[in-house]
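J.: Using only what follows, build the 3D model:
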Amino acid sequence: MANIKSQKKRVLTNAKAHERNKAVKSEIKTAVKKVDAAITEGDADAAAAASQEAARLLDRAATKGVIHKNQAANRKSGIAKRASQVEG
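T.: Purely as a prediction, here's the structure:
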């Protein structure tokens with residue numbers, strides 16, 4: 001660890017941000033898995049609801065800077081496309 005006071009503070013701040021970002025990314029992955037599970041079951045209503053929730057989480061992560069806004073847009077697009085193809 002560094003001897004410089006400001007660098008010591010950055011190390012602590014970065015650790016906090018890392019934990020926060022890790023939690024947000026985990027939440028996104030869980031939401032996407034719920035969409036995929038609903039698609040696999042063939043439940044169109046559940047897939048649409050889970051897709052909306054995942055899109056909301058992706059938007060929030062992009063706003064907070066956890067993921068890039070284009071990554072959020074691409075992932076939302078893919079989720080919506082898969083969810084809309086479910087027949088049920």
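J.: got the contact list for the most centrally placed residue in the chain?
T.: Note on the chain: the residue nearest the mean C-alpha position is residue 28, at 2.8 Å, using C-alpha atoms, centre = their mean. Contact analysis of residue 28 by C-beta atoms under 8 Å, 6 or more residues apart in numbering lists 54, 57-58, 61, 67. Every C-beta, even on glycine, is put in place using the N, C-alpha and C of the backbone.
J.: I'd like the next helix or strand past the longest helix along the chain.
T.: When the chain is parsed with DSSP state H, its longest helix is helix 5-41. Downstream of helix 5-41, the next assigned helix or strand under DSSP states H and E is helix 44-64.
J.: Show me what counts as buried in that following helix.
T.: Neighbour-count burial for helix 44-64 flags 44, 46-48, 50-52, 54-55, 57-58, 61-62 (criterion: 16 or more other C-beta atoms under 10 Å).
J.: Kindly reformat those residues as JSON lines containing distance to residue 87 and pLDDT.
T.: As requested, the buried residues of helix 44-64 are exported to JSON lines (distance: C-beta to C-beta, whole Å; pLDDT from 0 to 100):
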{"residue": "44", "distance to residue 87": "7", "pLDDT": "93"}
{"residue": "46", "distance to residue 87": "13", "pLDDT": "95"}
{"residue": "47", "distance to residue 87": "10", "pLDDT": "95"}
{"residue": "48", "distance to residue 87": "12", "pLDDT": "95"}
{"residue": "50", "distance to residue 87": "16", "pLDDT": "96"}
{"residue": "51", "distance to residue 87": "15", "pLDDT": "97"}
{"residue": "52", "distance to residue 87": "19", "pLDDT": "97"}
{"residue": "54", "distance to residue 87": "20", "pLDDT": "97"}
{"residue": "55", "distance to residue 87": "21", "pLDDT": "98"}
{"residue": "57", "distance to residue 87": "26", "pLDDT": "98"}
{"residue": "58", "distance to residue 87": "25", "pLDDT": "98"}
{"residue": "61", "distance to residue 87": "30", "pLDDT": "97"}
{"residue": "62", "distance to residue 87": "30", "pLDDT": "97"}
